[in-house]
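A.B. asks: Dropping a prediction and its sequence here:
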Amino acid sequence: MTTRTRQDSLLRCLRRHGTTTIAELASEVGASRRTVLRDLSALRDEGFVIHSDVGRGGGLQLDPRSVQTSARLSVAEVFALLISVTSMRAAGQLPFGELADSGLAKVEKSLPGDKVKDLRDLLACLHVGQISPLQDLSDMGGMHPDLLTTFETAFLNRQRMAFDYRDAKGRHTTREVEPQAMLILPPLWYLVAWDHARSDFRHFRMDRIDAPRALDGTVFRRRPVPFEDDVCPYAALS
């Protein structure tokens, strides 16, 4: 569990229980007492008012009027929201598209300037198209929960990515690539990367990727990705 995920879980616990204790929170999120205390301090720094009453019958309480002083959404979270809406629209499953666009535009504007630049860079690498009706989807699975944040880190910092991969024939390999783009052909998502071992671009189905990690080392250069004419780049909200 990442720090952000754990802190969000703490907030949900505080809202749900009304009054609780450090021990109860630590048990619910699977962390040590020291970690929970550190997370509570960080949440207070962000503007959440968390009362602490000592003595019998006391405990921790989140002030229901408490608000955070800054947006907690990360670039990866906003990117996930945007591409989810994009993929639903491409599949013809977005009945309230205008409302979704309006809400996401407001979310995007809540980001600080440097984060907006990162978001724009990510959106520039996103391409959306239509899947072939002949595509076999019988073995489609879920995506690794760390894949999007790993891609964000590696793509923005131009670091290589490594991951374990299972191909269409079930063969397992470990790959090291330069992440260049993402391709969405709903419901399939692909990582488009430059594979030095093959001196060419490769498309990796993201539901077949496991244990993704960004690698420290030499910064790679961005390469223009050759997509077909019917694959359109995502148009960022304005």
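C.D. replies: On my side now, so go ahead.
A.B. asks: So which residues of this protein form strands?
C.D. replies: With DSSP state E, the ranges of strands along the chain come out as 19-20, 50-53, 59-62, 126-128, 161-166, 172-185, 188-195, 200-205, 209-214, 232-233.
A.B. asks: Mind giving me the packing neighbours of the last one?
C.D. replies: Put plainly, it is strand 232-233. Packing contacts for strand 232-233, counted by 3 or more C-beta pairs under 8 Å, 6 or more residues apart in numbering; DSSP states H and E, involve strand 126-128. The way it works is simple: take the backbone N, C-alpha and C, and place the C-beta from them, glycine included.
A.B. asks: Show me what the strand it packs on is in contact with.
C.D. replies: Strand 126-128 is contacted by residues 83, 86-87, 90, 181-186, 192, 225, 227, 231-234 when judged by C-beta atoms under 8 Å, 6 or more residues apart in numbering.
A.B. asks: buried set for it?
C.D. replies: Using 16 or more other C-beta atoms under 10 Å as the test for burial, strand 126-128 gives 126, 127, 128.
A.B. asks: thinking again about what came up before, ok, of the contacts of strand 126-128, which come out buried?
C.D. replies: Buried members of the contacts of strand 126-128, counted by 16+ other C-beta under 10 Å: 83, 86-87, 90, 181-186, 192, 225, 234.
A.B. asks: which one of the buried residues of strand 126-128 sits closest to residue 117?
C.D. replies: residue 126 (15.4 Å; C-beta to C-beta).
A.B. asks: if we can go back for a sec, can you list the strands of the chain in TSV and add mean pLDDT and distance to residue 27?
C.D. replies: Shown next, in TSV, are the strands of the chain (pLDDT from 0 to 100; distance: least, C-beta to C-beta, whole Å):
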stretch	mean pLDDT	distance to residue 27
strand 19-20	88	10
strand 50-53	84	18
strand 59-62	87	13
strand 126-128	89	40
strand 161-166	96	33
strand 172-185	94	37
strand 188-195	94	36
strand 200-205	94	38
strand 209-214	96	28
strand 232-233	74	47
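A.B. asks: No further questions, thank you.
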